[in-house]
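[1] Starting from these lines, generate the structure:
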Amino acid sequence: KLEYKRYAKNTARTYISYFEKFINHFKTNNLLNITEHDIQTYLNTLAQKGVSTSQLNQVVNSIKFYYEVVEKMPNRFYSIERPRKEERLPTILSTDEVKRIINSTNNIKHRCILSLLYSSGLRRQELLNLQPSDIDSQRMVITIRGGKRNKDRHTLLSPKVLSDLRKYYKQFMPSHYLFEGPAGKQYSGTSVAKILTKAALK
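    This next block holds a predicted model:
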């Protein structure tokens, strides 16, 4: 059902993981006999364990998806209470700090990855899904296919990043994905996180 509804792979994995924990918690119960009170108690238990608001909302989403979409029971748990959203200000980096992070690496591939994330405002998965043909040097835009909520969009391409991308392309000659791992497979999200962490520490 998640595949048919075109949910992103990461979202599908998250829903499956949280729902697996949910059914393991109620492993002696028939899923169709679980009540709203049972679910609210389960959510309260998670909250007491320190599970974040965003995670709790994902748990609720996975449960509702199962009952409403898979079992075709709309509004079965209509009154499940969601946690109140936390109002926290993010840590904002200055332009100079971002430049220092990008300039801290001499690896052209890593530099392109960091530069694209910042200058084009790409999400990590959007970056990993890029193909060489998505870079339009004539119009100076990047085509994002199947981004958040499975929508396509365009974002700006920086002339400086384009220059680095041309150097990178000549050196690595990617075939399917713009950034590839071993054997031409899609570069991993974990690798991107490591590149950013290492550059930030440096």
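
[2] Does anything pack onto the lengthiest helix in the chain? Which helices or strands?
    In the chain, taking DSSP state H as the definition, the longest helix is helix 9-25. When contacts are defined as 3 or more Cβ pairs under 8 Å, 6 or more residues apart in numbering; DSSP states H and E, helix 9-25 sits against helix 53-65. Yep, even glycine has a C-beta here, placed from its N, CA and C like the rest.

[3] how far off helix 9-25 does the helix it packs on point, in degrees?
    Using axes from the mean of the first three to the mean of the last three Cα atoms, to 10 degrees, one finds that helix 53-65 and helix 9-25 are set 80 degrees apart in direction.

[4] could I get helix 53-65 in PDB with only the CA atoms?
    Output of helix 53-65 as PDB, limited to C-alpha atoms (Å, rounded to 0.1, in the frame of the first residue of the first chain):
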ATOM      1  CA  THR A  53       7.200  14.800  19.300                       C
ATOM      2  CA  SER A  54       8.100  14.200  15.700                       C
ATOM      3  CA  GLN A  55       8.700  10.500  16.300                       C
ATOM      4  CA  LEU A  56       5.400  10.200  18.200                       C
ATOM      5  CA  ASN A  57       3.600  11.800  15.300                       C
ATOM      6  CA  GLN A  58       5.200   9.300  12.900                       C
ATOM      7  CA  VAL A  59       4.000   6.500  15.100                       C
ATOM      8  CA  VAL A  60       0.500   7.900  15.000                       C
ATOM      9  CA  ASN A  61       0.800   8.200  11.200                       C
ATOM     10  CA  SER A  62       1.900   4.600  10.800                       C
ATOM     11  CA  ILE A  63      -0.900   3.300  13.000                       C
ATOM     12  CA  LYS A  64      -3.600   5.400  11.200                       C
ATOM     13  CA  PHE A  65      -2.200   4.400   7.800                       C
END
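
[5] what mean pLDDT does that helix have?
    The average pLDDT within helix 53-65 is 92.

[6] Relative to the whole chain's centre, how far out is that helix?
    Mean-position distance between helix 53-65 and its chain equals 16 Å (Cα atoms, centre = their mean, to the nearest Å).

[7] Can you tell me what sits against that helix?
    1-2, 14-16, 18-19, 22, 39, 43, 46-47, 51, 77, 80, 82-86 (Cβ atoms under 8 Å, 6 or more residues apart in numbering).

[8] cool, stretch 173-190 as well?
    109, 112-113, 124-125, 127-132, 134-135, 172, 191.

[9] mind listing the helices for the protein?
    For the chain, applying DSSP H gives helices covering 9-25, 36-48, 53-65, 95-103, 108-119, 124-129, 159-172, 189-201.

[10] thinking again about what came up before, would you write a PyMOL line that selects the buried entries of the contacts of helix 53-65?
    Applying 16 or more other Cβ atoms under 10 Å to the contacts of helix 53-65, the buried members can be selected in PyMOL as follows:
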select buried, resi 2+14+15+18+19+22+39+43+46+51+77+83
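
[11] Tell me which residues of stretch 113-121 come out buried.
    For stretch 113-121, by 16+ other Cβ under 10 Å, it's 113, 114, 115, 116, 117, 118, 119, 120.
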